[in-house]
Structure formats: C-alpha cells, structure tokens
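*Asks:* predicted structure and sequence below. I'll ask about it afterward.
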Amino acid sequence: MGRVTSIASLGRNGLYDWVVQRISALVIAAYFLFIVFFLVANPDLSYEQWHGLFSCLWMKVFSTISLLMLLAHVWIGVWSVLTDYMTPRLMGSKANIFRLIVELAVLAVVLIVAVIGLNIFWSL
Amino acid sequence: MKISSVNGRPVNLDINTIDLPITAYASITHRITGLVLCAAVLVLLWFLNKSLASEADFIEVQQILSSTPIKVLMFLFLAPFWYHLVAGIRHLVMDMGIGESLEGGRLGAKIVFIVSAILIAITGVWLWGA
C-alpha cells in the first residue's frame, strides 16, 4: 500500500495501475491512429465503406477492446488527478467525502459508456 | 508565507509563488488534455453511433462535421489528443530509461511541445484545407 489511499485505484496497487495505464495507452493509440489514417486515406468516404468497416468481426473486437482499455485508462488517470488535487490540504476537511462522491460519479459514467459503446459496436 | 514550527525556517508550498519548470508545464498539460479528452470521448461516441445508424444519418453527420463551429470543436478535441499522445510516448521512452536526467527531462518536454505543435498545425491544415 502506498502513501495515498489505494482502495479506489483500479488494481488497488500502483504497479498494476502503472502497467494497465501503459498497455491501454498503446491500444488506444493504435485504435485512434487507425481511425485517423482511415479517414485521411478515404476523403470521399461512403456510408457503405464506414458501415462495412465497423461491421467486420475483427473491427468489433478491436473497438470493444479499445473502448474497455480507454475506460480503464480514463479511470486510472482521473483517479490519479483527483487524489492529487481533491485533498484535505487543498480543499479542507470535506475533501475526502467529496472526492469519493466525484469518483463514484466518474465510475458511473465509465460503466454507462461501456454499456452504450458495446451496444453500438455489437448491434451492427 | 508560513513558518515551520520545527525549525523556524520559512515553508513555501504555495504553487502560485513558485516558478514552474518546463517539465511541470508538460505534466500539467498532459493532465488537462486528458480531462478534455474524457469529454471528447462522449461526443465522439455520439457521432459514431449516429454515423452508423443509417445512410441519412451518416450524411447528416458529414454535414454537421463540415460546419465551422463543429470543426472548431473537433480541433479542440484533436489538438489535446495529439499533445496527450506525444506526452504519453515520452512517458514510455522515459520508462525505458531514456531522458530521465534533469537535462533529459527538460529536452524531452521541449520536444513534446514542438512535435505536438507540428501535429496540431497539420490537423488544422487537414480540417480547413489551407
């Protein structure tokens, strides 16, 4: 256990979070660069091409893994920022409970986005 | 300024009174761009969903994306994306033990600002076709 409360960190340990943050970063970078190159390479993109791309099984798997990695990345990043700035030293005695509420709200959004995203990818 | 109760020396932890080095600006920019990208994901997911719904929706998304205010919005998403990506690559490079010294850190931060500025400029050209 580190000097900060790690109960709300994703892996509940800094090394695990560190590894997840880096692996997820590589996957997200690969996904977004692929999309950017696809858009740049197809300036006259048609609906058939776009829909066809996202209908492929490999693209559904790639999108699903990337979205889940992105949400893990978001959670670790936001958690790190919140534990640095929403502290009793900077915000007073209510900081910890306030941070917990914000963390729960972020977690709720993360889970909702996961469900909405998977629904988008797998209903094609 | 606070005075330490231990040894009577001045204590200065007020970040507003400290001259931040370029590495600190690189770090805080990485964090701010990360938070901006959180919001970007929600908007981009909405656009993705609509663009895949039907051909009419796809054309509508194309029209929305070609309007100036939305182009500006996309630029405000893509610019932080490039910075966050380049700064993240710097982290991976430093994880391999490259650029970990004080001078290496300063140089790395400068490289991140310069490379991301170039990518952001290219993105502007791509969006507005100058």
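*Replies:* Right, received. Where do you want to start? Worth saying up front: this structure is predicted, and the values here are computed from it rather than measured.
*Asks:* pull the helix or strand with minimum mean pLDDT from chain B.
*Replies:* Of all helical and strand segments in chain B, the minimum by mean pLDDT, DSSP states H and E falls on strand B:2-3, at a mean of 74.
*Asks:* the very next helix or strand once past that strand close to chain A?
*Replies:* Going down the chain from strand B:2-3, the next helix or strand is strand B:10-11, by DSSP states H and E. No - Strand B:10-11 does not reach chain A (C-beta under 8 Å from any C-beta of the partner chain); its nearest approach is 12.6 Å. Heads up, the C-betas are built off the backbone N, CA and C, glycines and all.
*Asks:* got the residues of chain B near chain A?
*Replies:* Residues of chain B lying close to chain A by C-beta under 8 Å from any C-beta are B:31, B:34-35, B:38, B:41-42, B:45, B:48-49, B:51-52, B:54-55, B:58-59, B:81, B:85, B:88-89, B:91-92, B:95, B:126.
*Asks:* these in helices, which ones?
*Replies:* Among the residues of chain B next to chain A, the members found in helices (DSSP state H) are B:31, B:34-35, B:38, B:41-42, B:45, B:48-49, B:51-52, B:55, B:58-59, B:81, B:85, B:88-89, B:91-92, B:95, B:126.
*Asks:* any quick ChimeraX command for the buried ones out of these?
*Replies:* Burial among these is assessed by 16 or more other C-beta atoms under 10 Å in any protein chain shown; the matching ChimeraX selection reads:
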select /B:31,34,38,41,48,49,51,52,58,81,85,88,89
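*Asks:* for A:Ile101, give its distance to chain B.
*Replies:* Separation of A:Ile101 from chain B (C-beta to the nearest C-beta, to the nearest Å): 17 Å.
*Asks:* what helix or strand is that residue on?
*Replies:* Using DSSP H and E, A:Ile101 sits in helix A:95-122.
*Asks:* again, but for A:His51
*Replies:* If you go by DSSP H and E, A:His51 is part of helix A:47-55.
*Asks:* show residues contacting stretch A:106-115.
*Replies:* With contacts defined as C-beta atoms under 8 Å, 6 or more residues apart in numbering or on different chains, stretch A:106-115 is touched by A:Leu67, A:Leu68, A:Leu71, A:Val74, A:Trp75, A:Val78, A:Leu82, B:Val41, B:Leu42, B:Leu45.
*Asks:* per-residue confidence at the second one?
*Replies:* Pointing back at A:Leu68 there. pLDDT, A:Leu68: 97.
*Asks:* enumerate the residues of chain A near chain B.
*Replies:* Within chain A, the residues that sit near chain B (C-beta under 8 Å from any C-beta) are A:22, A:25-26, A:29, A:32, A:40, A:47, A:50-51, A:54, A:70, A:74, A:77-78, A:81, A:113, A:116-117, A:120, A:124.
*Asks:* show me what whatever helix or strand B:Glu103 lives in is packed against.
*Replies:* Using DSSP H and E, B:Glu103 falls within helix B:102-128. Packing partners of helix B:102-128 (3 or more C-beta pairs under 8 Å, 6 or more residues apart in numbering or on different chains; DSSP states H and E): helix B:22-53, helix B:68-95.
*Asks:* so how far is the longest one off the chain centroid?
*Replies:* In this case it means helix B:22-53. Relative to its chain's centre, helix B:22-53 lies at 8 Å (C-alpha atoms, centre = their mean, to the nearest Å).
*Asks:* that helix to helix A:95-122, inter-axis angle?
*Replies:* 40 degrees (axes from the mean of the first three to the mean of the last three C-alpha atoms, to 10 degrees).
*Asks:* quick one: average pLDDT of helix B:22-53?
*Replies:* Across helix B:22-53, pLDDT averages out at 96.
*Asks:* repeat for stretch A:43-59
*Replies:* Stretch A:43-59 shows a mean pLDDT of 96.
*Asks:* before we move on, what about stretch A:18-38?
*Replies:* The predicted model gives stretch A:18-38 an average pLDDT of 95.
*Asks:* buried set for that stretch?
*Replies:* Buried residues in stretch A:18-38, counting neighbours by 16+ other C-beta under 10 Å, are found at A:Val20, A:Gln21, A:Ser24, A:Ala25, A:Val27, A:Ile28, A:Ala29, A:Tyr31, A:Phe32.
*Asks:* all good on my end, thank you.
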